[in-house]
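Q: heads up, no residue letters with this:
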């Protein structure tokens, strides 16, 4: 653990230097020469660093120092990471803050069925706006690898679908953790939004599943906490 902690400390310092210094140099007209194409191995297994959307992220050296993407390395080490833009701070491991460690819409899905909309601002049937919404598909699965303790959010009928309709059936959201049902709820016309606060401690695989009419409902402010 001491070796991992030392490694993370050095990696974090390098990542912050890359984030803060290099843009400054570029803005001032300086030319910065880096060496890309660095391979990364964890316990002799090669890993491909990726961002929250699953896109490969470049590892490079600058003046003899190797710069690694914080989120990608933390994912490889099964450590949650959180960025606080207000204080410009990176939190690795457990952190109690005013926002979740990660918004579910920012996670890369493992599999899905249907056309999901991610990260939109949606409005519930009471007229309240919610950010970081997830909606539109039938089911979607995420690999959590046991890194989180709580899942919070709000499940609601979309504002524009709040009128009574003979074709609108009860919309059921069921949330599974490692194939075990953790929570289930139904919304329809005249039903208030349902708050979520679910224990996901130790959950390796999280699945969100709608029964029907998924385009009429959403899960807003959906976040995972350490």
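A: Great, that's in hand. These numbers were taken from a predicted model, which means no experiment stands behind them. Residues are numbered from 1 along each chain as shown.
Q: which stretches of this structure have low pLDDT?
A: In the prediction, the chain carries residues with pLDDT under 70 at positions 1-34, 52-53, 82-88, 94-98, 166.
Q: go with 50
A: Across the chain, the ranges flagged by pLDDT under 50 are 1-22, 24-26.
Q: okay, and residue 131 sits in which element?
A: Using DSSP states H and E, the secondary-structure element containing residue 131 is strand 129-143.
Q: can you name the element that comes right after that strand?
A: Under the assignment DSSP H and E, the closest C-terminal helix or strand after strand 129-143 is strand 150-157.
Q: can you give me the angle that next one makes with strand 129-143?
A: Compare the direction of strand 150-157 with that of strand 129-143 by axes from the mean of the first three to the mean of the last three CA atoms, to 10 degrees and you get 120 degrees.
Q: neighbouring strands of strand 150-157 in the sheet, and parallel or not?
A: As defined by DSSP bridges, the strand partners of strand 150-157 come to strand 194-199 (antiparallel), strand 217-225 (antiparallel).
Q: next, the buried residues of that strand.
A: Counting neighbours by 16 or more other CB atoms under 10 Å, one finds that the buried residues in strand 150-157 are 150, 151, 153, 154, 155, 156, 157. All C-beta spots, glycine's among them, are computed from the backbone N, C-alpha and C.
Q: any chance you could map the helices in the protein?
A: Per DSSP state H, the chain has helices spanning 2-27, 70-76. These are given in chain order.
Q: ok, now which ones touch residue 204?
A: Taking CB atoms under 8 Å, 6 or more residues apart in numbering as the criterion, residue 204 is in contact with 143, 144, 145, 146, 178.
Q: is the first one bridged to anything, and to what?
A: Which is residue 143. For residue 143, the residues forming beta bridges with it (DSSP bridges) are residue 205.
Q: what's the neighbour count on it?
A: As a burial measure, the neighbour count of residue 143 was computed by other CB atoms under 10 Å and equals 16.
Q: my guess is it contacts residue 205. True?
A: Yes: judged on CB atoms under 8 Å, residue 143 makes contact with residue 205 at a distance of 6.0 Å.
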